[in-house]
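> need a structure here:
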Amino acid sequence: MEKRTFIGMIEAGEPLLKEALDALRAYHKAQDEGKPAEEVERLHLLAESLFQVVSDYQLRVVAKARGKDLPPLH
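Okay, the predicted model is just below:
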């Protein structure tokens, strides 16, 4: 894979990473402000799932850079 394409794939994932970080900040803010447990847990699950998506995306970028294709996500 060409370096330029690899960097482009990494940069393409940046908005998703920003969204995950924003969700984590919202979770911590809700905790700090003593929001209801249901809201805190919802924000926790959202942040956790977004970071999992980021991790999966980065794994696929690295695999692609190494010339491997992973099976599609469902």
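
> Let me see the contact set for the spatially most central residue of the chain.
Centroid-nearest residue in the chain, with CA atoms, centre = their mean: residue 54, separated by 2.6 Å. Residues near residue 54 by CB atoms under 8 Å, 6 or more residues apart in numbering: 13, 16-17, 20. Every residue, glycine included, has its C-beta placed from N, CA and C.

> Restricted to buried residues, select these in ChimeraX.
Entered in ChimeraX, the line below selects the buried ones among the contacts of residue 54, by 16 or more other CB atoms under 10 Å:
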select :17,20
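
> and the two most separated of the contacts of residue 54?
The largest separation in the contacts of residue 54, counting by CB to CB, is between 13 and 20 at 10.1 Å.

> Extract the residue ranges of the protein that are flagged as low pLDDT.
In the predicted model, the chain carries pLDDT under 70 at residues 1-4, 6, 73-74.

> where do the helices sit along this structure?
Secondary structure of the chain by DSSP state H: the helices cover 3-12, 14-32, 37-65.

> can you put these in CSV and add distance to residue 72?
Putting those into CSV (distance: least, CB to CB, whole Å) gives the following:
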stretch, distance to residue 72
helix 3-12, 16
helix 14-32, 18
helix 37-65, 10
